[in-house]
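A.B. asks: Pasted the sequence and its predicted model underneath.
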Number of protein chains: 2
Amino acid sequence: MRILGLPGSLRAASINAMLLRATVRLAPPEIEVSIFRGLGDLPLFNPDLEASRPGNVAAFHRAVAEADALLFASPEYAHGVTGTIKNALDWLVGFEPFANKIVAVLNASPRAHHADDALRETLRTMAAVIVEPASITIPLLGAGLDEAALVATSSIAGAVREALRAIQLAVASRQGSLTAQFPLS
Amino acid sequence: MRILGLPGSLRAASINAMLLRATVRLAPPEIEVSIFRGLGDLPLFNPDLEASRPGNVAAFHRAVAEADALLFASPEYAHGVTGTIKNALDWLVGFEPFANKIVAVLNASPRAHHADDALRETLRTMAAVIVEPASITIPLLGAGLDEAALVATSSIAGAVREALRAIQLAVASRQGSLTAQFPLS
């Protein structure tokens, strides 16, 4: 199963990007988590260019299409979503494979709710399926943890692994593979 | 007095950009309205690059600093602000001359409120001063008007001119020029 992580901040020391990198390391062997690192290279969305998919838009679309689920981790800027994450979503609005995509939204800043609310509203509007048990708040802002500490902190590692399991369950339920693995008869 | 128009869509036929172009034509001689046409060329905001102001960020900052007021006209994409307009704002969060800037928000889509609400919330958070009498809804979506028709439609032209007057009044009040023109004694 493939999960694609989408970090909403381009800052090198971003705690959201760090959380996604930690998630890559914490994933059990049967779940492959990767991070799309090109959101900062996407052109700004222009409906007139949608069909031609300029720059790395085609690569972004391919990565999204190939993922069983998307995992967002994005900060709040001035009580709103970041331009970076919204621009990425703008390129997905008309991308058919995004509809009904299984997604989860991590929130590393418990006090920030505007961006989290807005991101969920947009995802619902785009017909994404939000996995609520995987869309958790992990209070990292100001915690001063680096990536290694994050992986080593059992409460955080446990919460991340549970979120991944919840995504896995949602993907498996859709694929009907649970039924295949555990036949009723 | 200088008003800088900021269109949130890069589409050539954008009704928001058209509304701003009409506003340029409808402005009375003492109000200069110009449009910043480079929002689509701004790099995606990266806090690590904020100080170096890459690409056309410095030109954008200069245009904002030189304006007495900003006039936003931006569509709603998937129940959210456009990535383009939010990215522009992300570059202004740490730009000192933006604080206390007089701004107005035009809304060309009466049924769209998520983006309008979110844009206002972000502007307030960034300490902009929203001129409410100038932040009006002008129902253009689906009206099928081109720029010339828009300028020629008296109800629209009147509403735009009133909005400009309201911005002018807010700028003048701040500069104390009203007091200078109409001394109490």
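C.D. replies: Structure's in. What do you need? Numbering: from 1, shown residues only, chains lettered A, B, ... in the order given.
A.B. asks: And the strands in chain A?
C.D. replies: In chain A, the strands defined using DSSP state E lie at A:2-7, A:32-35, A:69-73, A:102-106, A:129-130.
A.B. asks: What pairs with the shortest one, parallel or antiparallel?
C.D. replies: Strands adjacent to strand A:129-130 in the sheet, as given by DSSP bridges, are strand A:102-106 (parallel).
A.B. asks: near chain B, which residues of chain A?
C.D. replies: Within chain A, the positions adjacent to chain B are A:9-12, A:39-48, A:77-90, A:93, A:114, A:118, A:121-122, A:124-126 by CB under 8 Å from any CB of the partner chain. Quick note: C-beta positions are derived from backbone N, CA and C, even for glycine.
A.B. asks: Buried ones among the residues you listed?
C.D. replies: A:9-11, A:39-40, A:42-47, A:77-90, A:93, A:114, A:118, A:121-122, A:125-126 (16 or more other CB atoms under 10 Å in any protein chain shown).
A.B. asks: which stretches of chain A form helices?
C.D. replies: A:15-26, A:57-66, A:83-90, A:114-125, A:147-152, A:154-175, A:177-181 (DSSP state H).
A.B. asks: Next, residue A:113: phi, psi?
C.D. replies: Taking degrees, to the nearest 10, you get phi -120, psi -20 for the backbone angles of residue A:113.
A.B. asks: ok, now how distant is it from chain B?
C.D. replies: 11 Å (CB to the nearest CB, to the nearest Å).
A.B. asks: okay, now that residue: neighbour count?
C.D. replies: 13 (other CB atoms under 10 Å in any protein chain shown).
A.B. asks: And residue A:149, by the same measure?
C.D. replies: Neighbours of residue A:149 under the rule other CB under 10 Å: 13.
A.B. asks: Out of the helices of chain A, indicate the one that is most buried.
C.D. replies: helix A:83-90 (a mean of 26; mean count of other CB atoms under 10 Å in any protein chain shown).
A.B. asks: by how many degrees do it and helix A:15-26 diverge?
C.D. replies: 60 degrees (axes from the mean of the first three to the mean of the last three CA atoms, to 10 degrees).
A.B. asks: and of the helices of chain A, who's closest to residue B:73?
C.D. replies: helix A:83-90 (17.1 Å; CB to CB).
A.B. asks: which outside residues touch that closest one?
C.D. replies: A:6, A:8-10, A:39-40, A:42, A:44-45, A:60, A:72, A:74, A:77, A:119, A:122-123, A:126, B:44-45, B:77-78, B:80-90 (CB atoms under 8 Å, 6 or more residues apart in numbering or on different chains).
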